[in-house]
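**Q** Pasting the sequence and the predicted model now:
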Amino acid sequence: MVKRSNWWIISFLFVIGGLFVPLFFLFYKFGGANFNVIREHSNIVRFTIFQAFLSSFFTLLLGLPGAYIIARTKTNKFFNSIFRILSSIPFILPGVTMSIGFLMAFGKNGLITRLLNLFGFRERILYTFTAIILGHVFYNFPLYIRIVGETWEKIDSSLIEAAKMDGAKNLKIFFTIELPLLTSSIIKAFLLTYVYTFTSFSVALILGGIKYSTIEVAIYMYTKILFDFKSAFALSIFQIFFISIVSYILTFEKEVFQTGKSLKDKFPIWGYFYLFIAIIFVFIPLFYSLISGFIEYGGKLGFENFKRLITLDLRRYVGTNLSSMIIYTAFFAITSSVISVLISIASSSKNKLQYIMFLPAAISPVTLAFSYISLNINQFISIPIIHSFITLPIVYGIISSGWKAINKYSIEAALLDGANTFELVFKIKIPQVKYHILTAFFYALTLSIGEMSATITISQPPISTLSISIYRLLSSRRIPEARALNTLYSLIVILLFSLVEYLRNRKVNN
């Protein structure tokens, strides 16, 4: 009999210690919390809860049809891969990068604005509640493509074919067979979307403005502008409590793995309308963001922005040069991704730890960053650790879903052959989840590269990452150089997600 591994204890201590020890120290240092601020800002609390639900609902409406098209329809392989890659990119874009695309698409002279004007729609979209909802849908619908879409692909075609032989129509098959198998994944995607939109910072601030502040924006205001840490801490505690309840609900859902080759239906007529909507509200802003570096003043295409970026004295504006910026970004991204993956692997076999692994999503990155500053922790240590917490919910979700799908018969056979714990993990389990591990690693890399709020709070010159540098260039009105750097960042993201798609195709083909 193989001795049960206790590696999960390290994961548990890392998450609890890394999150709450600095927060308790911050609480002690500033003498408690001002809980009256929750009542004083009840309008912000109500708005945060409401906009998160509405954003999650509309993300579901856009994400579910996309998951169906990817998983259950006959589409060109190249189109399928491109759609997966492009639909994944919005989730990891930093707020400043997203804002460039939205400003160019929905601004006064933007393509979508002009298109809407042709149909008589002249209402302003930017800096409204509608803009916040659109931004959240833009950011989070990739969760449905990945989580629900990949589960949909596992549904055995024999179940669908048997129902069709009994005379069942597609709609009945969906509600009686597919939906029950997908419910777990849909709930997970919806709750994750709710968590991310509840803790929204850059989308609410950039697209909505101060009028539509969320709790996260209020926390930032109290810590960075007003230096009222008691009020910020009280709002953080409320946010942790509320999101912890949502995270705890995730522990009740049960994964259903009905594996097999999926049945591919003919591409539906409504799919063309769906693609039109997705292109208008997701892919046009994304496209603008990706090519922004090539768009010069006046709309002319060229390389002038890149020439200006190369010749600009970056130290004056961002505190470091281009090569050092890339090195810092790579160091923080790789280190934090390795930590996040190792913690997830160590805890994936312990189902009860799922609640703990989602806790980082409940804590404001700005508050967490200030708590590490209060402990005087070196930024080369604190930034990778905080980045690992930010990426942990997604990384754990990907790896744990693969861990649950491990063939139990292979484990039993290995045990009968006398395999020890090391052999069981590295020769039986890891090979079966290597795709999930690599996918999670690349997701963590891209999320870390794009992280802004915690990094800008902690980092001091000469430390500057790609996303922070884009923000600082925009703030300094160096728009052409910011666009060029944004395009370089976007190309890195596309490369990483191309690798994810390559790994997925290899897994499917095998």
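**A** Yep, that arrived.

**Q** how about the strands in the stretch 151-300 of the chain?
**A** Counting by DSSP state E, counting those that start in this stretch, the stretch 151-300 of the chain has no strands to list.

**Q** Assumed Phe121 was part of a helix.
**A** No: according to DSSP: H, G, I helix; E, B strand; the rest coil, Phe121 belongs to no helix; its state is coil.

**Q** Quick check on it: phi, psi?
**A** Here is the backbone geometry of Phe121 (degrees, to the nearest 10): phi -90, psi 110.

**Q** contact partners of the helix or strand where Pro90 lies?
**A** Assigned by DSSP states H and E, Pro90 belongs to helix 77-92. Identification of contacts with helix 77-92 by CB atoms under 8 Å, 6 or more residues apart in numbering yields 66, 69-70, 75, 98, 138-143, 145-146, 278, 282-283, 286, 443, 446-447, 449-450, 490, 493-494, 497-498, 500-501, 504-505. Using the backbone N, CA and C atoms, a C-beta is placed for each residue, glycine as well.

**Q** where's the nearest residue to Ser476 once chain neighbours are set aside relative to Ile295, distance?
**A** With sequence-adjacent residues excluded and distances taken as CB to CB, 6 or more residues apart in numbering, Ser476 is closest to Tyr317, at 4.9 Å. Using CB to CB, to the nearest Å, Tyr317 is found at 21 Å from Ile295.

**Q** Phe283 now?
**A** 17 Å.

**Q** go on, Leu116?
**A** On the measure of CB to CB, Leu116 and Ile295 end up 21 Å apart.

**Q** okay, those two: which has more neighbours?
**A** Ile295 (19 against 16; other CB atoms under 10 Å).

**Q** next helix or strand past the helix or strand where Ala131 lies?
**A** Taking DSSP H and E as the definition, Ala131 sits inside helix 129-140. Per DSSP H and E, the first helix or strand lying C-terminal to helix 129-140 is helix 142-143.

**Q** what does that next one contact?
**A** Thr59, Gly63, Ser87, Ser88, Ile89, Pro90, Phe91, Ala189, Leu192, Thr193.

**Q** Just the pLDDT for the third one.
**A** In this model, Ser87 is scored at 78, pLDDT.

**Q** on that earlier part again, who's in contact with the helix holding Ala131?
**A** Residues outside helix 129-140 that contact it (CB under 8 Å, 6+ apart): 51, 54-56, 58-59, 62-63, 90-91, 93, 98, 102, 106, 125, 192-193, 196-197, 200, 203-204, 206-208, 212, 281-282, 285-286.

**Q** what's the answer for stretch 313-333, then?
**A** Stretch 313-333 has contacts (CB under 8 Å, 6+ apart) with 309-310, 380, 383-384, 387, 444-445, 448-449, 455, 461-466, 468-469, 472-473, 476, 478.

**Q** Take those residues and keep only those in helices.
**A** Counting by DSSP state H, the part of the contacts of stretch 313-333 found in helices is 309-310, 380, 383-384, 387, 444-445, 448-449, 455, 466, 468-469, 472-473.

**Q** From these, list just the buried residues.
**A** When the ones in helices among the contacts of stretch 313-333 are checked for burial by 16 or more other CB atoms under 10 Å, the buried set is 309, 383-384, 387, 444-445, 448-449, 455, 466, 468-469, 472-473.

**Q** In CSV, list the residues you listed along with pLDDT and distance to Ser400.
**A** Shown next, in CSV, are those (pLDDT from 0 to 100; distance: CB to CB, whole Å):
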residue, pLDDT, distance to Ser400
Leu309, 93, 41
Ile383, 95, 25
Pro384, 96, 22
His387, 96, 20
Ala444, 91, 14
Leu445, 91, 19
Ser448, 92, 20
Ile449, 89, 23
Thr455, 90, 27
Leu466, 91, 29
Ile468, 89, 31
Ser469, 91, 34
Arg472, 88, 37
Leu473, 90, 39
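
**Q** Just confirm Phe12 contacts Lys352, I think it does.
**A** No: the criterion here is CB atoms under 8 Å, and Phe12 misses it with Lys352 at 9.9 Å.

**Q** The two: who's more crowded?
**A** Legend: neighbour count by other CB under 10 Å for Phe12 and Lys352, higher for Phe12 (18 against 10).

**Q** where's the most centrally placed residue in the chain relative to Ile345, distance?
**A** Central residue of the chain (CA atoms, centre = their mean): Phe91, 4.5 Å from the mean position. Using CB to CB, we find Phe91 at a distance of 22 Å from Ile345.

**Q** where's Phe12, which helix or strand?
**A** Judged by DSSP H and E, Phe12 forms part of helix 8-29.

**Q** how about that helix: buried residues?
**A** Trp8, Ser11, Phe12, Phe14, Val15, Gly18, Leu19, Pro22, Leu23, Leu26, Phe27.

**Q** picking that back up, and the helix holding Pro90, how far out from the chain's middle?
**A** Relative to its chain's centre, helix 77-92 lies at 14 Å (CA atoms, centre = their mean, to the nearest Å).

**Q** Equivalent analysis for stretch 223-240, please.
**A** 24 Å.

**Q** Contacts for it, please.
**A** By CB under 8 Å, 6+ apart, stretch 223-240 touches 23, 26-27, 30-38, 41, 45, 198-199, 215-216, 218-219, 222, 359, 362-364, 366-367, 370, 457.

**Q** do you know how far Ile145 is from Val195?
**A** 18 Å.

**Q** swap that for Tyr471, sorry
**A** From Tyr471 over to Val195 (counting by CB to CB), the distance is 24 Å.

**Q** For the ones in helices among the contacts of stretch 313-333, which two are the farthest from each other?
**A** Farthest-apart pair in those is Ile310 and Ala444; separation 29.8 Å (CB to CB).

**Q** how about the one helix or strand Tyr409 maps to: buried residues?
**A** Element membership of Tyr409, judged by DSSP H and E, is helix 408-416. If you call a residue buried by 16+ other CB under 10 Å, then helix 408-416 has these buried ones: Ile411, Ala414.

**Q** Stretch 112-124 now?
**A** Ile112, Thr113, Leu116.

**Q** Can you list the neighbours in contact with that stretch?
**A** For stretch 112-124, contacts defined as CB under 8 Å, 6+ apart pick out Ala105, Phe106, Gly107, Ile125, Ile280, Phe281, Ile284, Pro285.

**Q** Tell me which of the residues you listed has the lowest pLDDT.
**A** Among the contacts of stretch 112-124, Gly107 carries the weakest pLDDT, at 78.

**Q** How about the contacts made by that one?
**A** Counting by CB under 8 Å, 6+ apart, Gly107 makes contact with Thr113, Leu126.

**Q** gap between it and Leu126?
**A** 7 Å.

**Q** do Pro480 as well
**A** The separation that Pro480 has from Leu126, given CB to CB, amounts to 21 Å.

**Q** Count the residues that sit near Ile89.
**A** Using other CB under 10 Å, Ile89 has 21 other residues around it.

**Q** Also Ser99?
**A** Residues lying near Ser99 (other CB under 10 Å) number 24.

**Q** didn't it look like it was pressed against Ile206?
**A** Yes: when contacts are counted by CB under 8 Å, Ser99 is listed as touching Ile206 (4.5 Å).

**Q** Check which residues of whichever helix or strand Ile394 is part of are buried.
**A** Under the criterion of DSSP H and E, Ile394 resides in helix 379-404. Residues 379, 382-403 are the ones in helix 379-404 that count as buried (16+ other CB under 10 Å).
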